[in-house]
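*Asks:* predicted model and sequence below, questions to follow.
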Amino acid sequence: MRKIIFCILITVIGLITTNCQKSYTWYVEPEFKATWERIIRESPPPQSFIEIKTWEGGIIPKEPGFLIAFKPWLSQEKVSVYNRLPYTLEFQGARLLALDPWMVFRKHREPGLSVNRAYSQAGGDGTLLIPGRESTIVEAWTARLVQERPGVFPSEDHVWQEAKNNLFSGNRFPRGAETYTWQDVFFRLLGNETAWVYAPLSVIRLYPNPRKSILEASAFPERVHDQEAIGQYSLQASLLWALPLGSEYEKEQLAQTYEWLKSPEIQTLIANTLGWIPANPYGTPFDPISFVSHRHWLTASFVYEIND
């Protein structure tokens, strides 16, 4: 009898020890590994994680922990559109941590970019700048021009290709803009002429010239084709997600870290490390253009991301 009791005790102690020593893992995309190491070193999570592994995409890991990724899911669509994301902050079980919104930047004393100036090939007053050598910027402009209404994009490849081929036709952009670099854009944007540029917030925040403090941010002007779309607007952004991994029980055991990831303090740290803005509505934007970008994020009808 004593031997049976002893065996039961050993088994129970073994189970308790195994549970207490449960190991969790961070999975991150390769280019983000060093950044994530710096973030958790500066503000350690409430639970212990044994290591940070790189995730090359594709199959979602099954081991307990978190996947921290810009694109956790494969998509066959040209554009991923998220409805009411500022209100839900979640998608397919993942929590949004931070985002890099695309805004229109101009000097603070100059007028905003109008709908007609943005969409007309005829051009007009002021200079609409684009670093034409940057393929991501060309794709972003193409998406704006083919968008049928806020959050709705055509699926036909030929529509995208035609808009892309005609992007530099007419006088919307300066002559030779297809060869512009960011250096060319900033030289004119911070000069004496009236000028605008559509760009990710991070490009402006990480630009080392202190004269960028004269810049203001505003949302891209939306065309309204019907009454239903009045008051709606879409926001392009790059997104960073946290996806809990493991069984339902293991995910429940990760609740402390999940709450830590959701907190405005951690999301502000993540955002400032990247030059982005926190997804949490109570996060603290870094500077005035980040504050305006954060406000537009929180009121966006649709958020979209162009897929590779």
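*Replies:* That came in fine, so what should we check first?

*Asks:* so what pLDDT did Gly57 get?
*Replies:* pLDDT, Gly57: 86.

*Asks:* toward the C-terminus, what is the element adjacent to the longest strand along the chain?
*Replies:* Identified as the longest strand of the chain according to DSSP state E is strand 94-107. Moving toward the C-terminus from strand 94-107, the first helix or strand encountered (DSSP states H and E) is helix 115-119.

*Asks:* sheet-wise, list the partners of the helix or strand that comes right after that following helix with their directions.
*Replies:* Moving toward the C-terminus from helix 115-119, the first helix or strand encountered (DSSP H and E) is strand 127-129. Looking at strand 127-129 with DSSP bridges, its partner strands are strand 195-200 (parallel).

*Asks:* please compute how far the partner strand lies from its chain's middle.
*Replies:* 17 Å (CA atoms, centre = their mean, to the nearest Å).

*Asks:* now Val115: closest residue in space, sequence neighbours ignored.
*Replies:* Leaving aside its chain neighbours, Val115 sits nearest to Pro221 (4.4 Å; criterion: CB to CB, 6 or more residues apart in numbering). (Glycine included, C-beta is placed from N, CA and C.)

*Asks:* wait, isn't Pro281 in contact with Leu298?
*Replies:* Yes: using CB atoms under 8 Å, Pro281 is in contact with Leu298, at 5.5 Å.

*Asks:* okay, and the common contacts of these two?
*Replies:* Pro86 (CB atoms under 8 Å, 6 or more residues apart in numbering).

*Asks:* returning to what we had before: and the gap between the residue nearest to Val115 and Trp196?
*Replies:* Counting by CB to CB, to the nearest Å, the separation of Pro221 from Trp196 is 10 Å.

*Asks:* now do stretch 36-56: distance to the chain's middle.
*Replies:* 20 Å.

*Asks:* pop the domain breakdown of the protein in here.
*Replies:* Structurally, the chain divides into domains by automatic domain parsing as follows: 2-100+239-287, 102-229.

*Asks:* select from those the stretch with the lowest mean pLDDT.
*Replies:* Among the domains of the chain, domain 2-100+239-287 scores lowest, at a mean of 87.

*Asks:* what is the neighbour count of the residue nearest to Phe105 when sequence neighbours are not counted?
*Replies:* Excluding its sequence neighbours, the residue lying closest to Phe105 (CB to CB, 6+ apart) is Leu215, at 4.9 Å. Leu215 has 21 neighbouring residues, counting by other CB atoms under 10 Å.

*Asks:* report the beta-bridge partners for Leu215.
*Replies:* Lys107.

*Asks:* got phi/psi on the closest residue to Gly58 other than its chain neighbours?
*Replies:* Closest residue to Gly58 apart from its sequence neighbours, by CB to CB, 6+ apart: Leu74 at 7.4 Å. Here is the backbone geometry of Leu74 (degrees, to the nearest 10): phi -80, psi 140.

*Asks:* and stretch 126-142, which residues are buried?
*Replies:* Neighbour counts over stretch 126-142 (16 or more other CB atoms under 10 Å) mark 126-132, 134, 137-142 as buried.

*Asks:* same deal with stretch 190-206?
*Replies:* Residues 195-205 are the ones in stretch 190-206 that count as buried (16+ other CB under 10 Å).
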